[in-house]
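Student: What follows is a predicted structure for the sequence shown.
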Amino acid sequence: MSGPIGELAQQIDAQLPDGPEKAVGMRKLLEAKDCFVRVALETRAVMLLLLWLLSSPEPAPRWANRLALTLAIMATPYLPLM
């Protein structure tokens, strides 16, 4: 996830002169990258929990089935980011 943002930062750094606005822009780009990475990590954690719940050989209690369905719904919009 951070690779494309790092490449963009290098391009911006090479193309623009140093200055306060560039520094602020680079800092905001870093903050944006951190947000994207957190979303990817949260999504991965949700998917791992979902896989764990669904891969149990024993029948799942009713609450686990509801939790698995909820986690699947929560993770769906973010799957392309992984």
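Tutor: Ah, there it is.
Student: quick one: what helix or strand has L29 in it?
Tutor: When secondary structure is defined by DSSP states H and E, L29 falls within helix 20-54.
Student: and that helix, which residues are buried?
Tutor: Burial within helix 20-54, assessed by neighbour count using 16 or more other Cβ atoms under 10 Å, is assigned to K33, T43, V46, M47, L50, L53. All C-beta atoms are positioned from the backbone trio N, CA, C, and that covers glycine.
Student: excluding its backbone neighbours, what's nearest the fifth one?
Tutor: Looking back up the chat, that one is L50. In space, and not counting its chain neighbours, L50 is closest to L71: 4.5 Å by Cβ to Cβ, 6 or more residues apart in numbering.
Student: State the distance from the one you found to P17.
Tutor: Distance from L71 to P17, counting by Cβ to Cβ, to the nearest Å: 47 Å.
Student: Compare the two and say which is more crowded by neighbours.
Tutor: With neighbours defined as other Cβ atoms under 10 Å, L71 and P17 compare such that L71 has more, 19 against 6.
Student: Please report how far the more buried one lies from C35.
Tutor: Taking Cβ to Cβ as the criterion, L71 is separated from C35 by 21 Å.
Student: what does T70 give?
Tutor: The separation that T70 has from C35, given Cβ to Cβ, amounts to 23 Å.
Student: Let's test this: name the helix or strand in this structure with the lowest mean pLDDT.
Tutor: Each helix and strand of the chain was given a mean pLDDT (mean pLDDT, DSSP states H and E); the minimum falls on helix 62-75 at a mean of 70.
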